[in-house]
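In: Return atomic coordinates for the entry below.
(one chain, ligands or ions: 1)
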Amino acid sequence: MSEFKQLVFSGVQPTGNLHLGNYLGALQRFVALQDTYECIYCVVDLHSLTATLVHDDLAEQTRAIAAAYLASGLDPKKNIIFNQSRVPQHAELAWIFNCVARIGWMNRMTQFKDKAGKDRENASLGLLAYPSLMAADILVYRATHVPVGEDQKQHLELARNIAQKFNNDFSEHIATHGYGVEMEVGEERVNGFFPLTEPLIEGPATRVMSLRDGTKKMSKSDPSDLSRINLMDDADTIARKIKKAKTDPEPLPGDVGGLEERPEAHNLVGIYAALAGTTVQEVIRDYGGRQFSEFKPALAELAVEKMAPINAEMRRISADPGYVDGVLREGGERAGAKAEETMKMVREIIGLLDN
Ligand code: AQP
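Out: From the prediction side, this is the model:
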């Protein structure tokens, strides 16, 4: 029996300006994977409704994320690039997964706890069910690999739990229809309809931290703009934010172990390594023992060198919204055809009348 075909899926929400964390944790990785995998990259606009239901500029923000994908180097011919809401099969499968997943699983999600805060009873049902839609985004293509930042690890584990429960609950129906695929799970070989998708959380910047507080994730929703480098920041702004980045008074350590307990230093070294396409070890080899007054200007220069072309390309692409819409439309058609293939089988497995 055949194995699942290797396929990469990932997405970014249109909830504000993209920052260096999104770029290093996600976009830069997406670009690296396009040469070795078949890839589907989505602007997950339905997810953004869990943050704010009413957006005045959702279409603009959706285009901006797509422009960032293209400006970072994703090829719309090689990959499928589209926005989630164009393919209603995502929401259809999410509903089925809402009936597979357990409320207890959702309640344990740290992102839900963080975002709902103290007033959980007043959070939207969509915020609680978010990981179920994320599982559907991935599994409607039966994707095998998902490049994400560290913050999404728990959601990926939940997607695996959902896939496994669906495979178990419907094992007889899956077998009756002959839709099972063999896969390796640990030491065992098992048969199922959905793959147990692997997260790809790799490289020196899987969790880029705030420039103002090395213990907090760099985030679009941080009220301080100085906490992050936005993809649309100009060279002066990037340099100023790095200069103002919080650090401690010690020089950089002579070995990597010396970065433990120094979150701000660790963060800046990780950012440097990811931008330079090298490792934290190599950065420490070059800069160990140097003061931040030397390291920060080098980091600023590197960040400007890497980000300026992306920034310029984003501006160029964004000036032609017709082009971006065309990419998303065409990608949506290709994605929709693949998603419908899966959903036809899912409807049969479940026993929904669909003829
Ligand atoms: N700080 C980060 N470091 C590394 N990767 C990150 N990602 C986000 N922040 C970091 C990765 O970027 C991808 C897209 O994220 P998203 O926009 O879908 O969702 P998010 O994680 O909610 O982004 P933010 O900036 O943190 O937004 P808010 O402030 O709304 O919570 C994902 O792969 C994510 O891992």
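
In: Quick check, residue 239 in contact with residue 300.
Out: Yes. Using CB atoms under 8 Å, residue 239 makes contact with residue 300 at a distance of 4.2 Å. Every C-beta, even on glycine, is put in place using the N, C-alpha and C of the backbone.

In: Who are the contact partners of residue 170?
Out: 193, 349-350 (CB atoms under 8 Å, 6 or more residues apart in numbering).

In: Near the ligand, list only the ones from the residues you listed.
Out: Among those, none lies close to the ligand by the criterion of CB under 6 Å from any ligand atom.

In: of the residues you listed, buried ones?
Out: Buried members of these, counted by 16 or more other CB atoms under 10 Å: 193, 349.

In: from the contacts of residue 170, which is closest to the ligand?
Out: The shortest approach to the ligand among these belongs to residue 193, at 25.4 Å (CB to the nearest ligand atom).

In: Correct me if wrong: that closest one contacts residue 349.
Out: Yes. Using CB under 8 Å, residue 193 is in contact with residue 349, at 6.4 Å.

In: joint contacts of the two?
Out: With CB under 8 Å, 6+ apart, residue 193 and residue 349 have common neighbours 170, 174, 179.

In: Can you read off the backbone torsions of residue 81?
Out: Torsion angles at residue 81 (phi, psi; degrees, to the nearest 10) stand at phi -120, psi 120.

In: quick thing: my sequence starts at 822, can you match it?
Out: All right, first residue 822 from here; so that's residue 902.

In: got the contact list for the nearest residue to it once chain neighbours are set aside?
Out: Nearest residue to residue 902, sequence neighbours excluded (CB to CB, 6 or more residues apart in numbering): residue 1152, at 4.5 Å. Listed by CB under 8 Å, 6+ apart, the contact partners of residue 1152 are 897, 901-903.

In: again, only this time at 10 Å
Out: 861-864, 887, 897, 900-904, 907-908 (CB atoms under 10 Å, 6 or more residues apart in numbering).

In: part of a strand, is it?
Out: No. Residue 1152 is assigned helix when assessed by DSSP: H, G, I helix; E, B strand; the rest coil, not a strand.

In: Quick check: it vs the ligand, distance?
Out: To the ligand, residue 1152 is 18 Å away according to CB to the nearest ligand atom, to the nearest Å.

In: ditto for residue 964
Out: 14 Å.

In: try residue 1063
Out: According to CB to the nearest ligand atom, residue 1063 and the ligand sit 16 Å apart.

In: Check residue 953 too.
Out: Residue 953 sits 15 Å away from the ligand when distances are taken as CB to the nearest ligand atom.

In: just the contacts of residue 1152 that are near the ligand?
Out: Of the contacts of residue 1152, not one also sits near the ligand (CB under 6 Å from any ligand atom).

In: Out of the residues you listed, list just those in strands.
Out: 861-864, 901-904 (DSSP state E).

In: Not counting residues beside it along the chain, what's closest to the most centrally placed residue in the chain?
Out: Nearest to the geometric centre of the chain sits residue 969, at 4.1 Å (CA atoms, centre = their mean). In space, residue 969 comes closest to residue 1020 once its chain neighbours are excluded; the distance is 5.8 Å by CB to CB, 6+ apart.

In: Go ahead and confirm that neighbour touches residue 964.
Out: No. With contacts defined as CB atoms under 10 Å, residue 1020 does not count as touching residue 964, sitting 11.1 Å away.

In: on that earlier part again, top of the contacts of residue 1152 by number of neighbours, please.
Out: Of all these, residue 863 has the most neighbours under the rule other CB atoms under 10 Å, reaching 31 neighbours.

In: what about that one, distance to residue 1060?
Out: According to CB to CB, to the nearest Å, residue 863 stands 33 Å off from residue 1060.

In: what does residue 1067 give?
Out: Residue 1067 is 16 Å from residue 1060, by CB to CB.

In: and what of residue 1114?
Out: From residue 1114 across to residue 1060, the span is 14 Å (CB to CB).

In: Ok, residue 881 next?
Out: Per CB to CB, residue 881 is found 28 Å from residue 1060.
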